[in-house]
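Peer 1: Make a model of this:
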Amino acid sequence: MSERATCVLCPNPSPMTLDGTNTWVVAEPGSTDAVVIDPGPLDEAHLARVIAEVEQAGRRVALTLLTHGHLDHAESAERFHELTGAPVRAFGRGHNDVAPGEVIRVGGLELVAVATPGHTSDSYSFLLPADTMLLTGDTILGRGTTVVAWPDGHLESYLESLRRIEALTQTGQVAGILPGHGPFVEDAAETATFYLRHRAERLDQVRAALAAGDSTAREVVERVYADVPRTVWGAAEMSVQAQLEYLREQPSIDD
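Peer 2: Reported below is the predicted structural model:
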């Protein structure tokens with residue numbers, strides 16, 4: 001997957017987390033410092049495995065980064081800080097926030113913070129330039145598509161983030177994706193384009209549902225997501241709310 005990144009899978013599988021949360025340990029070859037991205041939920045055994053992975057490589061955790069604040073990625077952040085002493089950085093935590101375009105250097109490793117809001121308002125991805133990999137959290141998954149977690153999530157922002165990732169693939173800065181859930185994505189360009197196309201198709205389906213007389217998000221879900229397991233209809237309803245908000249915000253033809 002990457003010369004510099006190793007995945008420690010958290011045993012929290014579910015319809016929303018797929019196989020579980022991917023905790024990424026990232027380090028420059030030969031360095032004694034490592035960065036941990038998304039330590040995951042508050043699972044002591046998982047945190048111990050992450051620390052063991054780092055120590056077995058002869059390293060220490062020098063920094064923890066969060067892609068966003070959802071509990072399956074960030075709940076254990078403070079506990080992980082207690083265990084390792086490493087600072088925790090993210091966007092929107094009110095202290096030492098990650099900034100768009102910031103270059104984060106740890107033990108010779110270089111990461112670039114890429115603002116990718118939309119799934120949540122605080123979502124960030126981290127570019128690993130040396131390996132042309134992008135760690136995307138929940139913005140792009142290794143399998144399937146992600147939810148726009150309305151009301152915090154925002155579809156227009158999410159589409160802009162997908163276009164930002166697509167542009168990084170077009171310039172050659174990103175070839176593969178290390179996601180927050182699911183397997184490694186080998187073709188980042190194809191996946192970013194697929195995600196954009198999928199969102200456009202869903203918007204067309206929502207428009208058609210509204211034209212057919214559906215008036216609530218739940219009614220739209222029952223029509224548009226009829227082929228999706230009911231276990232994820234709650235998440236689908238959040239995405240539909242975000243889609244309805246997006247359509248309301250768009251100027252009409254008469255404007």
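Peer 1: average pLDDT for stretch 4-16?
Peer 2: In this model, stretch 4-16 has an average pLDDT of 97.
Peer 1: Please apply the same query to stretch 129-143.
Peer 2: 98.
Peer 1: which residues of this protein fall in helices?
Peer 2: Taking DSSP state H as the criterion, the chain carries its helices at 44-56, 71-74, 77-84, 155-170, 188-211, 217-224, 233-249.
Peer 1: Dump those helices to JSON lines, plus mean pLDDT and distance to residue 139.
Peer 2: All C-beta atoms are positioned from the backbone trio N, CA, C, and that covers glycine. Below are the helices of the chain laid out as JSON lines (pLDDT from 0 to 100; distance: least, Cβ to Cβ, whole Å):
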{"stretch": "helix 44-56", "mean pLDDT": "98", "distance to residue 139": "22"}
{"stretch": "helix 71-74", "mean pLDDT": "98", "distance to residue 139": "12"}
{"stretch": "helix 77-84", "mean pLDDT": "98", "distance to residue 139": "19"}
{"stretch": "helix 155-170", "mean pLDDT": "98", "distance to residue 139": "6"}
{"stretch": "helix 188-211", "mean pLDDT": "96", "distance to residue 139": "9"}
{"stretch": "helix 217-224", "mean pLDDT": "94", "distance to residue 139": "22"}
{"stretch": "helix 233-249", "mean pLDDT": "93", "distance to residue 139": "14"}
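Peer 1: So which of those helices is the most surrounded?
Peer 2: With neighbours taken as mean count of other Cβ atoms under 10 Å, the helices of the chain reach their highest mean count in helix 71-74, at a mean of 21.
Peer 1: residues in contact with residue 174?
Peer 2: Neighbouring residues of residue 174 by Cβ atoms under 8 Å, 6 or more residues apart in numbering: 127, 132, 133, 134, 165, 168, 188, 189.
Peer 1: make that residue 240, sorry
Peer 2: 206, 217, 220, 221, 224, 225.
Peer 1: Alright, I will stop here.
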